[in-house]
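Novice: Take this sequence and fold it.
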Amino acid sequence: ALARPLRPYLDRDEDDMGGAIAVFLGVPEDEVAGQEFTHHQLLQDYDRPLGDGNNMFVSVSAHGDTDSAPPGDRAVMISTHTGLAEWEGLPDADYEVRKRAAGERLVGLARRVHPNLGERARVWDVGTPRSYERFAFRPRGAVGGAHQTPRNANQNAIPHSLGRPGLWLVGDSTWPGLGTVACALGSRIVADEVLKAARRTRRSR
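Specialist: Okay, the predicted model is just below:
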């Protein structure tokens with residue numbers, strides 16, 4: 001039922017898929033102390049392409065949040081975009097070297113805001129597109145929908161409704177997109193449309 005209306009969007013966006021690298025740390029409290037904010041968005045170089053650490057998010061669990069880390073420790077997640085092709089087809093040994101180097105690079109860049117980050121990490125795990133493919137079942141490890149461009153974003157995004165009664169799409173490549181705020185807004189838009197459709201159905205009976 002979905003193949004025909006969805007196919008033009010899938011074909012259009014096939015070459016625009018991307019992945020992510022994420023570093024998960026468990027560190028002593030003092031490695032992230034002295035910061036007012038628990039979230040940072042960093043850009044290293046305006047003249048270089050985004051991804052692979054040039055832009056990245058650093059998120060730290062709140063002080064006293066013992067659901068995320070034991071008392072005295074904090075959980076840290078660092079994430080950045082990455083391409084898919086460069087992670088595909090790597091022999092296992094080469095993959096491990098690349099993964100380790102990516103993790104060390106991201107932690108090193110995050111030391112702009114947390115200078116001692118990771119020096120005494122109790123947890124240090126790195127996720128790559130291969131991880132997303134294995135554990136989250138994402139084809140090729142792609143996450144976050146297609147890279148947004150004027151031709152596939154906003155009113156050109158995959159619509160919430162593809163014309164199939166009772167089926168609605170939210171998140172990733174729909175408008176307004178992925179992320180907590182965007183998905184909440186997209187869900188609200190869809191909920192409003194579902195209620196309108198239900199009222200029309202009741203009136204027609």
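Novice: helix, strand or coil for the residue nearest in space to the middle of the chain?
Specialist: In the chain, the residue lying closest to the centroid (Cα atoms, centre = their mean) is G144, at 5.2 Å. Look at G144: counting by DSSP: H, G, I helix; E, B strand; the rest coil, its state is coil.
Novice: OK, contacts around it?
Specialist: 18, 20, 81, 172, 178 (Cβ atoms under 8 Å, 6 or more residues apart in numbering). Every residue, glycine included, has its C-beta placed from N, CA and C.
Novice: and of those, the nearest to S204?
Specialist: D172 (32.7 Å; Cβ to Cβ).
Novice: Could I get the full set of strands for this protein?
Specialist: Secondary structure of the chain (DSSP state E): strands located at 19-28, 39-43, 55-60, 73-82, 123-127.
Novice: Quick one: closest of those strands to V194.
Specialist: Per Cβ to Cβ, nearest to V194 of the strands of the chain: strand 19-28, 30.8 Å.
Novice: Report the distance from that closest one to the chain centre.
Specialist: 13 Å (Cα atoms, centre = their mean, to the nearest Å).
Novice: domains of the protein?
Specialist: Domains of the chain are assigned by the TED database as 2-12+148-204, 17-141.
Novice: so how far does stretch 148-164 reach from one end to the other?
Specialist: Terminal residues of stretch 148-164 are spaced 25 Å apart (Cα to Cα, to the nearest Å).
Novice: Now do the buried residues in that stretch.
Specialist: Across stretch 148-164, burial judged by 16 or more other Cβ atoms under 10 Å covers 148, 152-153, 157-158, 160-161.
Novice: Which one of these is nearest to G34?
Specialist: Using Cβ to Cβ, the buried residues of stretch 148-164 come closest to G34 at Q148, 35.5 Å.
Novice: contacts for the longest helix along the chain?
Specialist: The residue-count maximum for a helix in the chain (DSSP state H) belongs to helix 180-204. Defining contact as Cβ under 8 Å, 6+ apart, one finds that helix 180-204 is touched by 160-161, 165, 168-171, 174-177.
Novice: among those residues, which are in helices?
Specialist: Short answer: the contacts of helix 180-204 have none in helices (DSSP H).
Novice: Which one of those residues sits in the busiest neighbourhood?
Specialist: T174 (22 neighbours; other Cβ atoms under 10 Å).
Novice: Low-confidence ranges, this protein, go.
Specialist: Scanning the chain for pLDDT under 70 picks out no residues.
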